[in-house]
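[1] coords please:
(2 chains)
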Amino acid sequence: MEQVRLSIDGVDVVTTSDRTILEAAREAGIRIPSLCYDRRMEPYGACRICIVEVEGARGLLPSCATRVTDGMVVRTNTEELRRIRRTIIELLLSDHPKDCMTCESAGNCELQDLAYEYGVKDTRFAGEQHHYEVLADNPLIERDYDKCVLCGRCIRICREVQGVGVYDFVNRGFEAVPGTPYNRPLTETPCEFCGQCVSTCPTGAIISIPSKGKGRPWQVKKVRTTCPYCGCGCQIDLHVRDGEIVEVSSPVMVGPGQGNLCVKGRYGYAFVHHPERLTTPLLRKDGELVPVTWEEALGAIANRIHKVLDEKGPDGMAFLSSARCTNEENYLLQKLARAVVGTNNVDHCARL
Amino acid sequence: MNGNGRTKLVLGYGTCGIAAGAAAVKEALERELSAGKYDLELDIAGCMGFCFREPIVEVHYPEGRSVVYGDLTPKKVPQLLEAVSAGEVLEDWVVRRSDDPTAGEGDFLANQHRIVLRNCGNINPESIDEYIAVGGYEAARKALTTMTPEQIIDEVSRSGLRGRGGAGFPTGTKWGFARKAKGDQKYLVCNADEGDPGAFMDRSVLEGDPHAVIEGMIIAGYAIGASQGYIYCRAEYPLALKRLEKAIAACRERGFLGERIFGTDWNFDIKIKKGAGAFVCGEETALIASIEGKRGMPRPRPPFPANEGLWGKPTNINNVETLAAVPWIIANGGDKYAELGTEKSKGTKVFCLAGKVRRSGLAEVPMGYTLRQVIFDVGGGVREGKEFKAVQLGGPSGGCLPASLLDTPVDYEAITATGAIMGSGGMIVADSSTCMVDLARYFLSFTQAESCGKCVPCRLGTKRMLEILTRICEGKGEPEDLERLEILAADIKAASLCALGGTAPNPVLTTLRYFRNEYEDHIFNHKCTAGVCPALITVRINREICTGCGACAKICPVGAISGEKKEPHFIDPEVCIRCKLCLSRCPEEAIYAE
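    Sure, this is the predicted structure:
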């Protein structure tokens, strides 16, 4: 990897040779618009929104897929580029429903943002539009390909990041559309319902059913926390509206998950507000589980530990930890077992 | 081609011949000859180029002269055999006589210069011995046993050969890149995914002379350091595939393919990959994806295949015609090849003449010939003596040129300057009965259907252009449509991911440039001057000429024509569907469309 120096819109940028023009520009604070780009995946070069002018190059280049070279002179926002981007946006809108009012992704839609930035209200190229059936063949993920811009992000994240590969394009040209094998419902494919496709879809073509109609992006408060499900420690944002979690997302390239979540992290939050959820400890008294305070519960545990130690010694005890605890919590539990109680009888559910 | 003192009949047995009925003619010939009455030999060959006269038979007499007969049918076979046995020539059937270049269509071949097509129609493509008998595999032997890879690349560079698939990139330079690329394994791919409507030169070469392509691949593989070759050939070419498979098997038997070929330390073998008929798979990165078993879609370049190609390894991709020229160049020297052609476009180019040209078929001419020479001197001009209107060069990615540009030389740069492209060499001739808007619409309907759908400008842009062209042809064009077409064309060209999209607007741009008045006639005057677009024409009967024979009324599928016998007839425009069947049926040519 070498250091390279290039000029982007007249700004002198120093970066490394492994960077693409788009990455180098964004690092330097120059925003190049894009649509099919998601830094979690390999560059694809399909939407052509991020095209730039490079001096000496034959034709315009997709900045997402072009590596920087030393001495490169790049222009990202010329009159011609803006005109072409506008045409592309108009073409996309010519086959896109104008239902932003009720679209689940309004306010969180990259196509809407592009149309807003380029002031595209209507299209000069009206023509045939697709009218696909909305696919809600499972409880979690809804697909409405009328809104698909064919960026391939769902296909690529499923294959490249999840290693599952549920989707690919079917048909050609104007009829091309993402699909599952033989258009089977997601429940009949190897889909794990991680919702990674939802997370990367730039429009409202793939959405989470449990979040439908529960709140606009500006109506929710995002609370950053650590996913409680396993020890990976993925960072998640709880989207909270009126004290209720309405959606879970993960900030891209943050924390150990880098913005990727599994089905539990993304969709396993219904227990939080479940009426049967335990909110106090229960202690068995005369064969019945009875709500008690934390003080009483912990006291009962301590008493039992003392009793076992007196009767059977430290090896009369065993400690079983949980994969839902963090590494730190698991560490503390084995410390308690070994250093306080004095036994090596420590195990963990993930080993079973 | 016969040294045993017997007269030999060689039947053109390429796909063009078979489509015209050569299989039935072959059966008839075999049946007649098996009776033992005639002392004649029968053999087959690929396409000679006379597609317009198929089925054809070339009669080779022992003394060296030959006569080509055309338009054969099983019924004509006995008469043919009688005449040949008697040493007579059936003048009326003659396509070409070796002893009289003016006879028949002799000037079709006389005006050509055949390097790539050197063996097509002359040898049996299913016989490796016949290929060897005309010097086949000597170039490969020479290259592998007496030349270094660098010397070979140098020779090809000196020849000036440029990629015949369409882009015209210098072949020697391309090989040089692949040679220099670092990698433990390299690949050579022959692109035989010929997909342009009206282009069939690659198919004809594969069917007529498969060994020339294989020999070219052996030389190229050695030059760039690739031990494995692939031929990516579309499955719609079953005969080409069969002959390739046969040729590869024969080469393995002779030690021309496999391990330690030609007694050297070099290994080289070829696999065939059948394409599933996607036009976009002719684009090199889509072709690579298809060989790898993925959906055939292009990816951005760089990285170029020379560095990261098939399975991520350095890969060199050449077209069939390019590879077929290589053995000739090695055998005769690059300088000899470079003697032909123009300053920047050397050698020869094979063209497929199609459309309204009189002699539709295959023609190989030196670069620098003008379009007029190709279409008129070789192709014999326009059919039925009609007026030349335009020629579509380079298929759906190419452009449509008017009569005023007929003196443009066949040269990459000169053709590009007109707005067309050389492409793979399709030449579709249009006469006055062709509507240029309709022609552009046809080509765009092809590219639009063949777009892979990956990038937005091509997927949606070509669709919208096609919709606009369709409505112009239907008489519903709006004044703003010309500007819309121009905007879309420019932006699709500039922003598409691959050359399919990058060239798709060319037919529209060139027809707008050279035949704008026809677009304007459609939109503003609701007229299709060529009388093609059904919504804009009325079919009428000239009452002065009509004899009232009733032929038109009989053929009309909707009963729109009426009239008393022997009295002038009348077409009800409300009922008429403008199919124009009556036009071709009228013996007096009294019916016209306007």
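
[2] what about residue B:388, neighbour count?
    A count of neighbours around residue B:388, defined by other Cβ atoms under 10 Å in any protein chain shown, yields 20. In short, each C-beta sits where N, CA and C put it, glycine included.

[3] what do you get for residue A:295?
    9.

[4] same question for residue B:525.
    11.

[5] which residues touch the closest residue to residue B:407 other than its chain neighbours?
    Spatially, and ignoring its direct neighbours in sequence, residue B:407 is nearest to residue B:370 (5.0 Å; Cβ to Cβ, 6 or more residues apart in numbering or on different chains). Neighbouring residues of residue B:370 by Cβ atoms under 8 Å, 6 or more residues apart in numbering or on different chains: B:406, B:407, B:408, B:409, B:410.

[6] from those, which is closest to residue B:305?
    residue B:410 (27.7 Å; Cβ to Cβ).

[7] tell me the contacts of the closest residue in space to residue A:48 that isn't next to it in sequence?
    In space, residue A:48 comes closest to residue B:495 once its chain neighbours are excluded; the distance is 4.5 Å by Cβ to Cβ, 6+ apart. By Cβ under 8 Å, 6+ apart, the contact set of residue B:495 is A:48, A:51, A:60, A:84, A:87, A:88, B:455, B:456, B:457.

[8] go again with 10 Å.
    A:47-49, A:51, A:59-60, A:62, A:81, A:84-85, A:87-88, B:455-458, B:461, B:501-502 (Cβ atoms under 10 Å, 6 or more residues apart in numbering or on different chains).

[9] just these: which are in helices?
    Mapping the contacts of residue B:495 onto helices (DSSP state H) picks out A:81, A:84, A:85, A:87, A:88, B:456, B:501, B:502.

[10] any chance of these in CSV, plus neighbour count and distance to residue B:122?
    Shown next, in CSV, are these (neighbours: other Cβ atoms under 10 Å in any protein chain shown; distance: Cβ to Cβ, whole Å):
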residue, neighbour count, distance to residue B:122
A:81, 21, 55
A:84, 22, 51
A:85, 24, 56
A:87, 28, 52
A:88, 26, 52
B:456, 28, 49
B:501, 29, 40
B:502, 19, 38
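
[11] got the domain ranges for the chain?
    Reading this off chain A. Taking automatic domain parsing as the domain assignment, the ranges for chain A are A:3-77, A:214-277, A:282-351.

[12] looking at chain B here, not the other one
    If you go by automatic domain parsing, chain B breaks into B:7-105, B:128-337, B:348-431, B:436-524, B:538-593.

[13] in the stretch 251-352 of chain A, where is pLDDT below threshold?
    Within the stretch 251-352 of chain A, the ranges that satisfy pLDDT under 70 run A:351-352.

[14] give me phi/psi at residue A:73?
    phi -120, psi 110 (degrees, to the nearest 10).

[15] OK, contacts around residue A:4?
    A:13-19, A:24, A:67-72.

[16] from what I can see residue B:500 touches residue B:447, true?
    Yes - Residue B:500 sits in contact with residue B:447 when judged by Cβ atoms under 10 Å, with a separation of 6.5 Å.

[17] mutual contacts of the two, please.
    Joint contacts of residue B:500 and residue B:447 (Cβ under 10 Å, 6+ apart) are B:279, B:280, B:396, B:397, B:458, B:462.
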